[in-house]
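Student: Any chance you can model this:
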Amino acid sequence: MAGGLKITLRAGERIFINGGVLRVDRKVSMELMNDVIFLLEQHVMKPEETTTPFRQLYFMIQMMLMDPSLHLKARTMARESVANLLESISDPHLIKGLTETGELLDNDRPFDALKKVRTLLPQEAAGTAEERSKEVA
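Tutor: Predicted structure coming up:
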């Protein structure tokens with residue numbers, strides 16, 4: 001992290017850093033001066049939001065970042081989820097994204113894997129909506 005990474009948080013906002021949770025009571029800017037694993041509150045998915053296979057995968061990877069004690073178990077679960085999804089989907093865009101996610105997990109790059117899955121969520125939602133419209137017709 002040459003030069004650090006500057007993050008600005010609003011009052012009441014939380015940030016998850018290396019498994020710890022920080023909440024600020026007023027607007028604050030901070031600079032992370034070394035390599036840390038962090039998630040901004042807006043990127044944290046709650047368990048009740050894991051309503052689709054890709055959202056469940058996102059949550060598994062998120063747990064790798066939020067709770068270091070669960071890192072290996074969550075990575076194993078996420079890797080199995082990627083393999084199962086690759087067997088069950090046909091959308092080339094999703095297949096490519098899942099393949100890249102699996103490679104990122106294999107290289108122990110959970111933050112990048114999480115970002116990759118986040119980009120796939122809209123495509124999954126579009127495919128789910130399309131499947132529902134076919135069922136109605």
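
Student: hey, let's count contacts and neighbours off CA atoms from now on
Tutor: OK.

Student: Can you tell me the number of residues neighbouring Asn18?
Tutor: 16 (other CA atoms under 10 Å).

Student: Isn't it up against Pro68?
Tutor: Yes: using CA atoms under 8 Å, Asn18 is in contact with Pro68, at 7.2 Å.

Student: how close does Ile7 sit to Pro110?
Tutor: In this view, Ile7 and Pro110 are 20 Å apart by CA to CA, to the nearest Å.

Student: Please identify which of the two sits among more neighbours.
Tutor: Legend: neighbour count by other CA under 10 Å for Ile7 and Pro110, higher for Pro110 (24 against 12).

Student: hang on, the more buried one packs against Pro68?
Tutor: No: using CA under 8 Å, Pro110 is not in contact with Pro68; the gap is 11.4 Å.

Student: okay, now the domains of the chain?
Tutor: Following automatic domain parsing, the chain resolves into domains at 5-42, 45-136.

Student: which residues does the residue nearest the centre of the chain contact?
Tutor: Centroid-nearest residue in the chain: Leu114, 3.1 Å away (criterion: CA atoms, centre = their mean). Leu114 is in contact with Tyr58, Ile61, Gln62, Thr101, counting by CA atoms under 8 Å, 6 or more residues apart in numbering.

Student: how about CSV for the residues you listed, with secondary structure, distance to Glu87 and neighbour count added?
Tutor: Listed next are the contacts of Leu114 as CSV, based on DSSP: H, G, I helix; E, B strand; the rest coil; distance: CA to CA, whole Å; neighbours: other CA atoms under 10 Å:
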residue, secondary structure, distance to Glu87, neighbour count
Tyr58, helix, 18, 23
Ile61, helix, 19, 28
Gln62, helix, 23, 23
Thr101, helix, 15, 24
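
Student: That concludes my questions; thank you for your assistance.
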